[in-house]
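**Student:** Just a sequence and a predicted model for now, questions to come.
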Amino acid sequence: MKTIIAFWNILRKDIENYYLKPPNISWGMIFPLSWTLMQLIRSPGNTGISELLPGLMAVSVLFGTTSMLAVTITFERKGRSFDRLLLAPISINTLVFAKILGAVLFGILNAFVPVFFAAFFIDLSGIDWSITVIAVILTAVTSALLGLLIAVSAREVFEAQTFSNFFRFPMLFLCGLFIPVDKLPAVLRPISFCLPLTYGTDILNSMFTGNFMFNTIFNIFVMLIFAALLFYLCQRNIKRKWIL
C-alpha cells in the first residue's frame, strides 16, 4: 500500500509541476502541434493526410515524452529533490515507473492531437483503434525510457534537450515516419531497424495506410524487447551515476 501511495504522489507531483514548464510547452506541445498543422495544411488531399498521420502521431509521442523526462529529471536533480526520492524507502523500479508514467501519459495525449485535426479532413471510422492505441502506448513507453536514459546524463534542461535532439531529429528520417525505410540508402537501413520508433511507426502505417514491413505481432514483440532493454539500462545508469 505504501508503494502505491508513493507511486501516485510522485506521478501527481510531476503532472502538477512540470506539464506546463516552458521547455515542455515549446518542444513537447508547440513543435508537434505546428508540425502537424503544417503537414495537414500542405497535404494535397485526403490520401496525403492518411499517409502523413502515422508519422505525425509518432513525432508527437517522441517529442512529448522525451521533453517531459528532460524537464522532470533535470529540474529535480538541479533542485536536489531527486536525492530525496532516492533516499525514500521505495525501490528503484517503482521510482523509474513513476517517473516515466507521467511522460507516457503526456506522449499519448500528444499522439491524438493530429488525429483530432485529421478527423476534420478524412474518415477515420475504419481504423482498428485497439491496435492503434497499443502502438501509441508502446511507442510512448520506449520513447520515455529513451528520454530517461538521456536525461540521466544531463545536468541542465537545455543539455537534456540538446542531447535528445541528436536522437530525435535523425529519427524523423530513419524510422519511416515520412520516408519509407525501404527507400532509404542501404547503408542507413540497419540503423532504422535498431530504433524502436521504426516498429511503432510500422504498426501505425499498417492501420492507416495498409503499408507495412512486418506483421503487427512481430512489431509488438520487438517493441517489448526494446522496452525491457531500455528499462534495464535506465535502472543501471541510475544506480551507477546517482547512487554508487
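**Tutor:** Sure, I can see it.

**Student:** so where do the helices sit in the chain?
**Tutor:** 2-18, 22-23, 31-42, 46-78, 81-87, 92-118, 129-151, 157-174, 189-192, 196-208, 216-238 (DSSP state H).

**Student:** Between those, which one is closest to P180.
**Tutor:** Taking CB to CB, helix 196-208 is the member of these nearest to P180, at 8.5 Å. Bear in mind the C-beta positions are built from the backbone N, C-alpha and C, glycine included.

**Student:** quick one: average confidence on that closest one?
**Tutor:** Looking at helix 196-208 alone, the average pLDDT works out to 92.

**Student:** Make residue 1 into 637 and carry on from there
**Tutor:** Understood, numbering begins at 637; the last thing we discussed is helix 832-844.

**Student:** Could you double-check that L860 sits in contact with L774?
**Tutor:** Yes. The pair L860 and L774 qualifies as a contact (CB atoms under 8 Å) at a distance of 7.2 Å.

**Student:** between those two, which one's more packed in?
**Tutor:** Neighbours around L860 and L774, counted as other CB atoms under 10 Å, are more numerous at L774. The numbers are 23 against 15.

**Student:** Just tell me which of the helices of the chain ends up closest to D818.
**Tutor:** helix 825-828 (7.8 Å).

**Student:** which residues touch the nearest residue to F862 once chain neighbours are set aside?
**Tutor:** What sits nearest to F862 in space, not counting adjacent residues and going by CB to CB, 6 or more residues apart in numbering, is P832, at 3.9 Å. Contacts of P832 were listed using CB atoms under 8 Å, 6 or more residues apart in numbering, and they are T775, T778, S779, L782, V858, M859, F862, A863, L866.

**Student:** Most neighbours among these, please name it.
**Tutor:** Scoring the contacts of P832 on neighbours with other CB under 10 Å, the highest-scoring entry is S779 at 31 neighbours.

**Student:** And for that one, nearest residue in space, chain neighbours not counted?
**Tutor:** T701 (4.2 Å).

**Student:** what about that neighbour, neighbour count?
**Tutor:** T701, neighbours per other CB under 10 Å, totals 32.

**Student:** Please look at it and I786 and confirm they touch.
**Tutor:** No. In terms of CB under 8 Å, T701 does not count as a neighbour of I786; the distance is 11.1 Å.

**Student:** Correct me if wrong: F862 contacts A780.
**Tutor:** No. With contact defined as CB under 8 Å, F862 does not count as touching A780 (11.8 Å).

**Student:** and for those two, which residues touch both?
**Tutor:** Taking CB under 8 Å, 6+ apart as the criterion, F862 and A780 do not both touch any residue.

**Student:** Check which residues of stretch 838-845 are buried.
**Tutor:** Under the neighbour-count criterion of 16 or more other CB atoms under 10 Å, stretch 838-845 has D838, I839, L840, N841, S842, M843, F844 buried.

**Student:** gap between the fourth one and S761?
**Tutor:** This points to N841. N841 sits at a distance of 19 Å from S761 (criterion: CB to CB, to the nearest Å).

**Student:** ok, now the third one?
**Tutor:** Distance of L840 to S761, computed by CB to CB: 17 Å.

**Student:** what does D650 give?
**Tutor:** Following CB to CB, the distance that separates D650 from S761 is 35 Å.
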